[in-house]
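Visitor: Quick check, what structure comes out for this input:
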Amino acid sequence: MSIVAAVLILSPVMPGAQADNTPVLDSICVVARTGTLPGGADPSQWLARKHVTADLALPAAWAAWSIGIPFATGNSPELLEFGAAEPTQRDVGGLDPAVAVRALLRRVLHEVAQGRQPGDVPRALDDLMRSRAGQLPDAILRLALQAYGRLGLSRDFWPARCSVPGCTGIYSSWLRYSAETDGADLASLPAGLWTLARIYAARTADDALLERLAGDPCWAVRFEVASRSGAGLAVRLASDPVPYVALEAAGRVRSDGGEWRSLAERLAVIDGPVGDMAAAMLDSSSAPLLAELLGSPSAARRLAAEQAWLQSGMPVDSAMAVALLADRYWAVPLAYLEQLSASGDSSRAGEIADSLLSTLADSLSALDTRDALLSFLGRTPPVGRPLPFDPAQVDVPQRITLVTDAGDFTIELWKDTAPVTCANFVWLASRGFYDGLYFHRVIPGFVAQGGCPEGNGMGGPGYTIPNERSLAEFSRGVVGMADAGLDTGGSQFFIMLDDHNRLDCRYTAFGKVVAGLERLDDISVGTRIIGVR
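Guide: Residues are numbered from 1 along each chain as shown. Model prediction:
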């Protein structure tokens, strides 16, 4: 048994379970993550027997659903949430309406997490919402607004308190729902609303309110204004002190046919991911600057300049081709080869890739380039690389502090829920891996993502770790592991900026911000991680 599998078996997943059930929870965890039961028995019947135990009903149903053998839908909240058949009115009969609604809402969001975008919600859910929405607690109404908004389903059964500005939490969810369902443009907002409410308000504001919000103290609100503003307002925001807001405004100016190049060129020379994004916007009119950026010491900046150069159709002479193919950042030669292939010279591209591959066969420092070339040639790269540490030997503290230039964030690590992921994060942090890296992806009201060594979202530590899915909910402040599919995580992590339960049971949640929550919305693209202590 591998060390990863051993650690997975040792890890209880469900907070709040009774201590004497821990060994069973360990086994349920293994079933959910691997599809097998320790000892080799058939997990289907075993899980069905565990489902009748109150403390194990939910994790047993979740595990069965995770491996594709969900139980038939029946009269229990666990089976409404993780059952096999379309729920009916008969299935919800006898259950407390609030319990049934919550289970059905989470079912819809789990389907989204698995990539199955439902065109609508179950009829039983709509019927319950229509008859009971006024009696539901705010927490369930917020979940309902989240689910219906995510699917873009406009409904008229919401109680009046949802749209009352004084109810801060639920009003923020209402504004988010309105933006996602193309609600009427807002004309005004009361003073004193918290940041998330103002972010969502900007997504559905009329022109007059956009003008007012353009001076908001939070960069994320101004970013949303820039993404919806007209040319005049966008030009003003292109001078915003936060580079990511200025970049969004420059893109808006470009889409409106205005003069954007000088704005993008100014941003393309600053350090960090915003400069990379700005460089990628440039075209042949900025050829001298792009030629200079092709020699940048930053791998991500070289790639961005190369992509802009190639997409503009500018010629690549022999000297430039040699430099691109010799670049040690795997994405640079790959981008050139893909351009060659797309332009009709696939045979030459294949020959070059084969030649490059032969020089890298024994080079441990070029594993990423080797894998990229193998994939380009249609060959399967070697699967996985061994972890450079033993997760069981890493001393994982209860809390760590992420120090950034936007403030400090104390994170409680869930080492029982995601032991390998926590050990990986602590091991990387102890070696200074995260020191100086940027948050490269920030979507206001969704996530702030960092941990890429190149700062463009395409890098990692040189190995991957397994997903450790659980029943943890992705609410504001929860820290998750980013990946490009199951078992492809590495060093990139994200912090939730609002509740998004469509990520539940799909991504690995391994901690939560317990101090610094009020500063989460200060994190922008380009915020630098100073260190982890």
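Visitor: Any regions of the chain where pLDDT drops low?
Guide: 1-21, 167-168, 361-365, 384 (pLDDT under 70).
Visitor: Show me the domain layout of it.
Guide: Domain assignment for the chain by automatic domain parsing gives 3-161, 184-259, 267-376, 391-532.
Visitor: looking at those domains, which is closest to Arg176?
Guide: Ranking the domains of the chain by proximity to Arg176 (C-beta to C-beta) places domain 184-259 first, at 4.4 Å. Placement of C-beta: from N, CA and C, glycine included.
Visitor: distance between the ends of that closest one?
Guide: Domain 184-259 has its terminal residues 31 Å apart, counting by C-alpha to C-alpha, to the nearest Å.
Visitor: the helices in the stretch 51-200 of the chain, which residues?
Guide: 57-66, 77-82, 89-92, 97-113, 123-132, 138-150, 168-180, 195-202 (DSSP state H, counting those that start in this stretch).
Visitor: Tell me which residues are up against the second one.
Guide: Going back to what we said before, that points to helix 77-82. Residues external to helix 77-82 that are found in contact with it (C-beta atoms under 8 Å, 6 or more residues apart in numbering): 51, 57-58, 60-62, 64-65, 70-73, 87, 91-92, 95, 99-100, 102-104, 106-107, 110.
Visitor: Which positions within stretch 525-533 qualify as buried?
Guide: Under the neighbour-count criterion of 16 or more other C-beta atoms under 10 Å, stretch 525-533 has Val525, Gly526, Thr527, Arg528, Ile529, Val532 buried.
Visitor: what does stretch 492-502 give?
Guide: Gln492, Phe493, Phe494, Ile495, Met496, Leu497, Asp498, Asp499, His500, Asn501, Arg502.
Visitor: quick one, what contacts the residue nearest to Glu81 when sequence neighbours are not counted?
Guide: Among residues not flanking Glu81 along the chain, Ala103 sits closest, at 4.3 Å (C-beta to C-beta, 6 or more residues apart in numbering). By C-beta under 8 Å, 6+ apart, the residues touching Ala103 are Pro77, Glu78, Leu80, Glu81.
Visitor: So which residues of the stretch 401-533 of the chain form helices?
Guide: 419-430.
Visitor: Repeat that for the stretch 201-350 of the chain.
Guide: So, for the stretch 201-350 of the chain - with DSSP H, counting those that start in this stretch - the helices run 207-213, 219-228, 231-237, 243-255, 261-267, 273-281, 287-293, 299-311, 318-326, 331-342, 346-360.
Visitor: quick revisit: filter the contacts of helix 77-82 down to the buried ones, PyMOL style.
Guide: Remark: buried members of the contacts of helix 77-82, expressed as a PyMOL selection using 16+ other C-beta under 10 Å:
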select buried, resi 51+57+58+60+61+62+64+65+70+71+73+87+91+92+95+100+102+103+104+106+107+110
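Visitor: For Gly169, which of the helices of the stretch 201-350 of the chain is the nearest?
Guide: helix 219-228 (17.9 Å).
Visitor: what's the angle between the closest one and helix 243-255?
Guide: 10 degrees (axes from the mean of the first three to the mean of the last three C-alpha atoms, to 10 degrees).
Visitor: Now do the buried residues in helix 219-228.
Guide: Trp219, Ala220, Val221, Arg222, Phe223, Glu224, Val225, Ala226, Ser227, Arg228.
Visitor: could you dump those residues to a markdown table with distance to Leu303?
Guide: Below are those laid out as a markdown table (distance: C-beta to C-beta, whole Å):
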| residue | distance to Leu303 |
| --- | --- |
| Trp219 | 26 |
| Ala220 | 27 |
| Val221 | 31 |
| Arg222 | 28 |
| Phe223 | 24 |
| Glu224 | 28 |
| Val225 | 30 |
| Ala226 | 25 |
| Ser227 | 25 |
| Arg228 | 30 |
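Visitor: So in terms of bridging, what pairs with the residue lying closest to Gly477 once chain neighbours are set aside?
Guide: If the residues on either side of it in the chain are set aside, Gly477 comes closest to Val513, at 4.0 Å by C-beta to C-beta, 6+ apart. Listed by DSSP bridges, the beta-bridge partners for Val513 are Ile411.
Visitor: What separation is there between Val513 and Ser27?
Guide: Using C-beta to C-beta, to the nearest Å, we find Val513 at a distance of 31 Å from Ser27.
Visitor: same thing with Gly35?
Guide: Applying C-beta to C-beta, the value for Gly35 to Ser27 is 13 Å.
Visitor: And Thr417, by the same measure?
Guide: For Thr417, the distance to Ser27 equals 16 Å [C-beta to C-beta].
Visitor: Looking at those two, which one has more neighbours?
Guide: Between Thr417 and Ser27, Thr417 has the larger neighbour count (other C-beta atoms under 10 Å), namely 23 against 20.
Visitor: Quick check: closest non-adjacent residue to that one.
Guide: Ser470 is the one closest to Thr417 (C-beta to C-beta, 6+ apart), at 5.0 Å.
Visitor: same check, this time on His440
Guide: Pro273 (4.2 Å).
Visitor: wait, doesn't that neighbour sit right on Leu437?
Guide: No - if you go by C-beta atoms under 8 Å, Pro273 and Leu437 don't touch, sitting 10.0 Å apart.
Visitor: Need the residues touching each of the two.
Guide: Gly455.
Visitor: The two: which is more packed in?
Guide: Neighbour totals were compared for Pro273 and Leu437, and Pro273 leads with 28 against 22 (other C-beta under 10 Å).
Visitor: Tell me how far the residue located most distally from the centre of the chain lies from Leu325.
Guide: Note on the chain: the largest C-alpha distance from the chain mean falls to Ser318, namely 39.8 Å (C-alpha atoms, centre = their mean). Distance, Ser318 to Leu325, by C-beta to C-beta: 11 Å.
Visitor: Check Pro23 too.
Guide: Counting by C-beta to C-beta, the gap from Pro23 to Leu325 is 55 Å.
Visitor: higher neighbour count, these two?
Guide: Leu325 (16 against 12).
Visitor: Setting aside sequence neighbours, what's the nearest residue to that one?
Guide: Pro333 (4.8 Å).
Visitor: Is it correct that the one you found is in contact with Ala323?
Guide: No - if you go by C-beta under 8 Å, Pro333 and Ala323 don't touch, sitting 9.9 Å apart.
Visitor: In terms of neighbours, single out the busier of those two.
Guide: The residue with more neighbours, out of Pro333 and Ala323, is Pro333; 24 against 18, by other C-beta under 10 Å.
Visitor: was I right about Tyr173 contacting Leu145?
Guide: For the record, residue 173 is Ser, not Tyr. Yes - applying C-beta under 8 Å as the test, Ser173 and Leu145 come out as touching, 4.3 Å apart.
Visitor: Need the residues touching each of these two.
Guide: Joint contacts of Ser173 and Leu145 (C-beta under 8 Å, 6+ apart) are Cys162.
Visitor: Show the contacting residues for the residue nearest to Gly477.
Guide: Taking C-beta under 8 Å, 6+ apart as the definition, contacts of Val513 comprise Phe409, Thr410, Ile411, Glu412, Gly477, Val478, Val479, Ile495, Leu520.
Visitor: Pull the number of nearby residues for the fourth one.
Guide: To tie it back to what came earlier, the one meant is Glu412. 17.
Visitor: Distance of the residue nearest to it when sequence neighbours are not counted relative to Val235?
Guide: In space, and not counting its chain neighbours, Glu412 is closest to Val514: 4.8 Å by C-beta to C-beta, 6+ apart. Noted for Val514: a distance of 42 Å to Val235, by C-beta to C-beta.
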